[in-house]
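Asker: Attaching a predicted model along with its sequence, questions to come.
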Amino acid sequence: MSEQNKALARRVFEEVWNQGNVDAVDELMSPDFVNHGSLPGIPSDREGFKQMVAMYTSAFPDIHFHIEDQIAEGDTVATRWSGHGTHQGELMGIPPTNREVAVTGIAIDRVAGGVVAESWGEADQMGMMQQLGVVPS
């Protein structure tokens, strides 16, 4: 089961984030999915997750995530990831800077019935803002 859960978490990164296929969210996440790491003003459900993906992929059209490590036990998968992209579109009111950014983070997903039921995520948002030049280093 742990290997299947890790494969599911990898599909979220590959299909949804790297390929920009937000329709895959409906297949990979439960109808009552809860994103505990949702951004302010964005709902914590599947539709909100799609909004968040659209926001970042619009701001960073070349966004790409790499899975650095995964650990799974029972119904939980922890994924340590890194991502990079070029800021070519507006992001949370920040006009494009055309700067490249590299960000790291961790996602913890709870799987139920073969889909992601809950997700907790932490990313180095401060580091990203510093790389964009909107927050001093």
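Answerer: Cool, got the structure.

Asker: list the contacts for the nearest residue to residue 83 once chain neighbours are set aside?
Answerer: Leaving aside its chain neighbours, residue 83 sits nearest to residue 65 (4.3 Å; criterion: Cβ to Cβ, 6 or more residues apart in numbering). All C-beta atoms are positioned from the backbone trio N, CA, C, and that covers glycine. For residue 65, the contacting residues are 13, 17-18, 81-83, taking Cβ atoms under 8 Å, 6 or more residues apart in numbering as the criterion.

Asker: Likewise for residue 89?
Answerer: Taking Cβ under 8 Å, 6+ apart as the definition of contact, the neighbours of residue 89 are 58-61, 96.

Asker: of these, buried ones?
Answerer: With neighbours counted by 16 or more other Cβ atoms under 10 Å, the contacts of residue 89 contain buried members at 59-60.

Asker: hmm, back to that, listing partners with orientation, what would you give for the strand or helix carrying the residue nearest to residue 83?
Answerer: Secondary structure assigned from DSSP states H and E places residue 65 in strand 64-73. When pairing is defined by DSSP bridges, strand 64-73 lines up against strand 76-86 (antiparallel).

Asker: Mind listing what's buried along the partner strand?
Answerer: Buried residues in strand 76-86, counting neighbours by 16+ other Cβ under 10 Å, are found at 76-79, 81, 83, 85-86.

Asker: coming back round to it: what residues of the strand holding residue 65 count as buried?
Answerer: Residues of strand 64-73 classed as buried by neighbour count (16+ other Cβ under 10 Å): 65, 70, 72.

Asker: wait, the second one sits on residue 77?
Answerer: Yes - the pair residue 70 / residue 77 is scored as a contact, 6.3 Å apart, by Cβ atoms under 8 Å.

Asker: Now do the shared contacts for these two.
Answerer: With Cβ under 8 Å, 6+ apart, residue 70 and residue 77 have common neighbours 6, 9.

Asker: Sheet-wise, list the partners of the longest strand along the chain with their directions.
Answerer: Ranked by residue count, the top strand of the chain under DSSP state E comes out as strand 100-112. In the sheet containing strand 100-112, its partner strands are strand 76-86 (antiparallel), strand 115-123 (antiparallel), by DSSP bridges.
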